[in-house]
Structures are given as C-alpha cells and as structure tokens.
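**Q** below are the sequence and a predicted model for it; my questions follow.
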Amino acid sequence: MPKSIKSWNASERPRERLLQKGAVSLSNAELLAILLGSGSKKEDALSLARRILGVAAEPLKAIGRMSAEQLMTYKGIGPGKAVTLVAALELARRYTQNPVTATRVIRQSGDAFAQLEPLFSDLAHEEFWVLYLNNANRVQFRFQVSKGGLTSTLVDVRIILRKALEIGAVGLILAHNHPSGNLLPSKADISITRKTEKAAALMDIKLLDHLIVHGSEYYSFADEQRL
C-alpha cells in the first residue's frame, strides 16, 4: 500500500509547496494531484496524476479533450474527481478566451490567428467564431456563432451581421477549426465565406479574412487571395 501524501514531509507535499513557493514551482503532475485530492488504495494522488499524464505525447491537451465519462475509465477516478478535472480545465479554457487582449491591431493573418488560437485549443468539435474590428483594425468583440459543426444552415450570416451593426464594426474576420487536421476549405467553408462577403458589402462592412485553424497551423482565405 502506498504512503499517503499526508505522511510526506511538508516540503514535499504539493499543497504546502504551492502555498510556500507558488503554483509555478509545481510540476504538471503535482498540480493535477492537488485537483485529484486523493489517490486509491494502490497509489497516491501524485502517482495517479503521473499515470493520467502518460496518456499521450501532449498529455495536457489530451486530458483537455476528455469528458467526465472518459476520465472515469481510469482506475482511481470516480464521478467527483472527474467533474473537478473537467471544471478546472473548462475554467482554464475560458481564461484563455478572456477578451483582455482584444484591443490589439490586426495587420495580417498571423495577428488574427494569435487572437483566435486560444479559442480553439484542445477542441475535438468544430466551432465558428467572428472577430469584429473597428476602423482602426482593432478587435472590438469576439463572438461564437455556432458549435458542433459547420454547414451553411448552422452558420447564419444574419446573426453575424446583426452583431456587427449592434457594435458598429466595420470589419469582420471569420474563423473556425477543423479537428480532422485538414486545413483545406470545404465547399461549405467557401460558400459561407462568399455569402458573408457579399452580404457584408451591402452594409459597408468588409470581410477581411476567414481562417481555418488546427493546432498551431491555419489556412487564410486572404493570404491565398480568395477574398
């Protein structure tokens, strides 16, 4: 039977080290062990955390994609621990989506990607977002149009433009992810781009780009001169 973390020296316990030296001093496994709270009869929380983190080459991303049900397939993780992990990871994801950086000027596709990459991090499903820009090319607002798939019926151009009129935006950048990893635009991608471009132009709003994102890579309609 493994020794309980409570029996360790105070200087070795993750919680005590966090209080004394800050969270930055802890490893991923130690941070995860704190969230888990306890292990099982056969292993302590830190050993359980290390076992979970051994699931993939990029373990944090892999865990971020897991549902509570998937996490519970690991021996030692019940509903309580699974819910805690899913909630913590969702908070982390929302933190990265905080629009504090939304005042940066968008000069090129890479600037837009820097704003958008956190929104799509670790997603196993498709989401469609829009960046709304003012006349200085600064991002005013980020808006999620749809979640779970991408077709011309799910992405409503009227919703995109209604939000633009509400906030007085003069420029738009569309973005969605391809979890499959194929960055080439589909017929639906091209269709929604053309529809948005034409409808926005009638309102003196310019569609500046449409990015297709996967991980650290993206496809830009503007860079490919398709706008």
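**A** All right, it came through fine. Numbers count the residues shown, from 1 in each chain.
**Q** separation between E16 and L165?
**A** For E16, the distance to L165 equals 54 Å [C-beta to C-beta, to the nearest Å]. C-beta coordinates here come from the backbone N, C-alpha and C atoms, glycine included.
**Q** kindly report the same for L123.
**A** Counting by C-beta to C-beta, the separation of L123 from L165 is 29 Å.
**Q** with neighbour numbers in mind, choose between these two.
**A** Neighbours were counted for L123 and for L165 using other C-beta atoms under 10 Å; L123 has more, 16 against 10.
**Q** how confident is the prediction for the more buried one, by pLDDT?
**A** pLDDT for L123: 78.
**Q** buried ones in the top helix by length along the chain?
**A** Scanning the chain for the longest helix, with DSSP state H as the assignment, gives helix 79-96. Buried residues in helix 79-96, counting neighbours by 16 or more other C-beta atoms under 10 Å, are found at K81, A82, T84, L85, V86, L89.
**Q** likewise for stretch 51-68?
**A** For stretch 51-68, by 16+ other C-beta under 10 Å, it's I52, L53, P59, A62, I63, G64, M66.
**Q** let's have those residues in JSON lines, adding pLDDT.
**A** As requested, the buried residues of stretch 51-68 are arranged in JSON lines below (pLDDT from 0 to 100):
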{"residue": "I52", "pLDDT": "83"}
{"residue": "L53", "pLDDT": "83"}
{"residue": "P59", "pLDDT": "76"}
{"residue": "A62", "pLDDT": "77"}
{"residue": "I63", "pLDDT": "80"}
{"residue": "G64", "pLDDT": "77"}
{"residue": "M66", "pLDDT": "81"}
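**Q** for those, which one is nearest G39?
**A** Of all the buried residues of stretch 51-68, I52 has the smallest distance to G39: 11.0 Å, by C-beta to C-beta.
**Q** so what's that closest one closest to, chain neighbours aside?
**A** Leaving aside its sequence neighbours, I52 sits nearest to Y74 (C-beta to C-beta, 6 or more residues apart in numbering; 5.9 Å).
**Q** let me see the contact set for that neighbour.
**A** L48, R51, I52 (C-beta atoms under 8 Å, 6 or more residues apart in numbering).
**Q** can you tell me how far it is from L85?
**A** Taking C-beta to C-beta, one finds Y74 at 10 Å from L85.
**Q** helices - which of the buried residues of stretch 51-68 land there?
**A** Using DSSP H, the buried residues of stretch 51-68 in helices are I52, L53, P59, A62, I63, G64.
**Q** domain assignment for the chain?
**A** Using automatic domain parsing, the domain ranges for the chain come out as 5-96, 101-220.
**Q** which one of those domains lies nearest to L227?
**A** domain 101-220 (6.4 Å).
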